[in-house]
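Colleague: sequence-free structure coming up:
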């Protein structure tokens, strides 16, 4: 039976060129791994988020009041399009954990809207109980049943921890927009029963109302009605935030969106590269079996049978690579990222479900390219007559190439001439070999650039923008004259910050307004051209990111509304005087004087110390850390370390990309070189017979590969830079701006690694050259 | 002086053992034109491979002039092939990316006293084809270049494996003629392998091989020119 024998041939072919089979399988595997890994992860994240927000019934509007009453809640509930309204008390509690002063944002429990998820223990419905979030509890080793002491308005209270709770409202637990990545050590979320808050802490009025809309009426109308009601009712209404303006929700959806963006771009690129390499090797493998196809045809095998025979190879490779890749991608990929991911984002009970649609998509894509490549090549050969195909391919007509016109040509050794002719005559093969290497370089530039961006972001923010060495935050506004004196201080300045929303923009969101004295030298704002911006008393400086987002330019007017309860919702108009590049936080800067001119008194509660060269922060730190009036003391290097550890997850991504790039290019170089050797085995055998030492034959192939690699690297560098800058845009979050990092080391490392991959592949290939059998290959026909 | 003494060659292919040569012994004097005759698979190519240092014997000794070929290592064998032996194969085996001149000149790189490539090519009648690539030459022309390549390194010994096997009758004849002339004028020892017994009279010595053994060794007192032979 012909089919049975052909099947035997298929498996013998695979066994005979194991290396090639494995290399193609790996290439496909990497493509499928990335494809399913990213797609599946992004999909799971989205599904989880949708479900999480739906089951916890996340509010559509957050209404803020200085205080409000049940009567107001009833009025709000009657607004058209409102499904439910619930009031709650929200306040700040502090904890002193062996010297570290932490902040807990405490809430009264709600029943219908923003329901909390109990991850351990029970909900704090019992009197004198409290629940805290798991990250905070873990940071401080707090167990269920422990008694913790919190201070609220300078009064101490002891409460029992009844359980650990998480809320969909706080998927990212940032204190404010500058606390990203979030610092779980110093900031946590707490829930108490209303009864506990009223009876123990003495807070009796709601200051927040959660509103759940039914979706029938535009939110704008509801917001207007809320304002009308508060006005007629004379209540202390401050402002309203939509879900999209909620800090945590915004950061989280940004993160999911950037994952989705990556899930769109990266796997496609990886798969495309894998597909190209598969396509190239497959079609050349079939070409190499040209005479065999001719023979099969000559002895009467049907075209369909021959085609099916070669297609099965592609199907087997595609199936094995695609299956292993997509299954490991589904399981392993999230495992690699989840730990880092969950350091930033809290996703209780997040579990990875495999969406088989992605596995199937990956399988189909894995198989389709190989099949297509085989089909095209086989058909081309089958079109020739059997006798034509049985003969070896007519030699390419050799012409003198352009390089030979160079005067140097005559001085080259025959070895070099052979190398150059080979490269220029077989242009197609040269390009094929180069493709894999180009991709490798591009990916490595992406990875190293990305790593560089991360380092650069931290470096710029903590050396250029923040120029102080130590920050002291007081509980109360600073009283002049009572401060200790330190030696070695170069410069001290005062600052404070408060929350504002910009009310004349398309969507309101919470921003930090930072007040400085004019001419402050501790926080420097630079514009995109690197010019230092001077903060004066007439205008504010905003970040380039927000300027881009809302299409703002210098001279535009912003309406800022102070949203901390003590300012009772006061707002004022101010001009934009400068736009600065802010890498980590996207803040608004103004002077104290500007605020005073607008009738607002914001008192400094923070001191920034800039020290002389070589002076340690230790003295000042220890002097302040013990003071009762001090809320926190932070050195710049502490702040920097927190940011660094928070951005750790980017690093894992970088490593994964580097490893995959290396695997991909190694497989590509190996495969194409093997085919190169197979095609030239007669020539190489002749060289052996003529007395060419093995070292020199190795040298011929090696030098050729090096030349191709160098050529590919030269092409890969610009491509890599373009890919990198574009992907960087996809990575950019609302609160972070990654600087483009293209420098000597972000280019040289990829170049060095690519060279190393080429050298290593060549070392493996030497074995193949050794195996060339002179006698066998000089026989009349194969 | 070439001496084959009690050569055995056994190929081991996984479980099967194939005895290609069994106790083969013969001598070839300097300047002799020797034809090794035999059917396909008789072992004549194996003899040539051993003689040319492309393969190693299982047992026995091969001496070419003062060199004991059977005791050379891989590197020395490569050197031996480069310096002392000229090969002519059935399929010419030219380097496709080198011109006729370059193919010849290139092979002389390995030897100490090469002949001038242009002269040799002129001698084989290829003076006006110096800068052609193999793909631009006919089979007979390619074989002439291959012969030029073999003699340009000025070796003691010329080994020809069915040099006319892929050529038509007339072209084949001119190639044999060329080899005969080289043997006569340059006093080079030539060992030619063929299954065509009709050309046996042109040789000084004919060694017949059958099933890996020497069947007969026959010396021609007066050898004939190829021109007088038809087959």
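Modeller: Received, thanks. This structure is a prediction, so every number in the text was calculated from the model and none was measured.
Colleague: SS state for the residue of chain A found nearest chain B?
Modeller: The nearest approach of chain A to chain B comes at residue A:691, 2.0 Å away (C-beta to the nearest C-beta). For glycine as for every other residue, the C-beta is placed from the backbone atoms N, C-alpha and C. Here residue A:691 is recorded as coil under DSSP: H, G, I helix; E, B strand; the rest coil.
Colleague: so what touches stretch B:127-146?
Modeller: The contact list for stretch B:127-146 (C-beta atoms under 8 Å, 6 or more residues apart in numbering or on different chains) reads A:394-398, B:88-89, B:92-101, B:103-104, B:118, B:121, B:124-126, B:163-164, B:166-168, B:171, B:174-175, B:178.
Colleague: closest residue of chain B to chain A?
Modeller: With C-beta to the nearest C-beta as the measure, residue B:82 is the residue of chain B nearest to chain A, at 2.0 Å.
Colleague: re the thing from before, OK, contacts around the residue of chain A closest to chain B?
Modeller: By C-beta under 8 Å, 6+ apart, the residues touching residue A:691 are B:78, B:79, B:80, B:81, B:82, B:83, B:107, B:110.
Colleague: before we move on, back to that, just the ones of the contacts of stretch B:127-146 in strands?
Modeller: Judged by DSSP state E, strands contain the following of those: residue B:88.
Colleague: filter the contacts of stretch B:127-146 to the buried ones?
Modeller: Applying 16 or more other C-beta atoms under 10 Å in any protein chain shown to those, the neighbour count classes A:398, B:88-89, B:92-101, B:103-104, B:118, B:121, B:124, B:126, B:163-164, B:166-167, B:171, B:174-175, B:178 as buried.
Colleague: got the residues of chain B near chain A?
Modeller: Those residues of chain B that sit near chain A, judged by C-beta under 8 Å from any C-beta of the partner chain, are B:45, B:49, B:52, B:54-55, B:74-75, B:78-83, B:87, B:89-91, B:93-98, B:102, B:105-107, B:109-110, B:133-136, B:149, B:161-162, B:165-166.
Colleague: list only those of these flagged as buried.
Modeller: B:45, B:49, B:52, B:54-55, B:78-83, B:87, B:89-91, B:93-98, B:102, B:105-107, B:110, B:133-134, B:136, B:149, B:161-162, B:165-166.
Colleague: mind telling me what element the residue of chain B closest to chain A is part of?
Modeller: helix B:74-84 (DSSP states H and E).
Colleague: and what of residue B:193?
Modeller: Secondary structure assignment for residue B:193, by DSSP H and E: strand B:189-194.
Colleague: how close does the closest residue to the residue of chain B closest to chain A other than its chain neighbours sit to residue A:569?
Modeller: Excluding the flanking residues, the one nearest residue B:82 by C-beta to C-beta, 6 or more residues apart in numbering or on different chains is residue A:691, at 2.0 Å. Applying C-beta to C-beta, to the nearest Å, the value for residue A:691 to residue A:569 is 94 Å.
Colleague: can you give me the strands in chain B?
Modeller: Under DSSP E, chain B gives strands at B:2-13, B:16-28, B:33-38, B:59-64, B:67-68, B:85-88, B:157-161, B:189-194, B:205-210, B:213-219.
Colleague: I'd like the next helix or strand past the helix or strand containing residue A:267.
Modeller: Here residue A:267 sits within helix A:247-288, counting by DSSP H and E. Remark: after helix A:247-288, the chain's next helix or strand is helix A:290-298, criterion DSSP H and E.
Colleague: which residues does residue A:24 contact?
Modeller: Contacts of residue A:24 (C-beta under 8 Å, 6+ apart): A:277, A:278, A:281, A:282, A:317, A:321, A:370, A:667, A:671.
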